[in-house]
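S.K.: Sequence first, predicted coordinates after that:
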Amino acid sequence: MILCVIGAIIVGSETSNELIPIVFIVSGVISGVTFIGFGEIINLLQKNVDKQNEILGYMKNKTNDEKSAPKTVLQDIEDNLPNM
């Protein structure tokens with residue numbers, strides 16, 4: 001985004017058309033915000049994967065003393081969730 005603003009200043013000083021620097025700035029802001037958004041999506045997905053791996057690791061390490069099956073699916077999920 002900063003490079004587009006610098007480019008807009010340079011192009012604006014070279015040309016008499018005032019629309020070209022504005023196009024540079026707008027396209028730079030749109031591109032920059034898009035990259036920031038994709039980066040945030042990647043960070044959120046990585047946090048989700050890390051949390052799932054933590055839950056799966058907890059479930060693998062937990063020894064189940066009860067031999068009977070849980071009464072409901074919800075009870076099974078609640079029994080295997082880590083304490084958060």
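M.R.: Alright, I've got the coordinates.
S.K.: Can you pull the phi and psi angles for the residue located most distally from the centre of the chain?
M.R.: Ranked by distance from the centre of the chain (CA atoms, centre = their mean), the top residue is residue 16, with 41.7 Å. Main-chain torsions, residue 16, degrees, to the nearest 10: phi -90, psi -10.
S.K.: which residues sit in contact with residue 24?
M.R.: 4-5, 7-8, 11 (CB atoms under 8 Å, 6 or more residues apart in numbering). Every C-beta, even on glycine, is put in place using the N, C-alpha and C of the backbone.
S.K.: rewinding a little: per-residue confidence for the residue farthest from the centre of the chain?
M.R.: Residue 16 is assigned 85 on the pLDDT scale.
S.K.: Could you do residue 80 as well?
M.R.: 76.
S.K.: Just the element for the closest residue to it other than its chain neighbours, please.
M.R.: Leaving aside its sequence neighbours, residue 80 sits nearest to residue 59 (CB to CB, 6 or more residues apart in numbering; 5.1 Å). For residue 59, the host element (DSSP states H and E) is helix 19-61.
S.K.: Past that helix, which element shows up next along the chain?
M.R.: helix 73-80.
S.K.: how distant is that following helix from the center of its chain?
M.R.: 29 Å (CA atoms, centre = their mean, to the nearest Å).
S.K.: Please pull out the lowest mean pLDDT helix or strand from the protein.
M.R.: Least confident helix or strand, the chain: helix 73-80 with a mean of 78, by mean pLDDT, DSSP states H and E.
S.K.: Many thanks, we can stop here.
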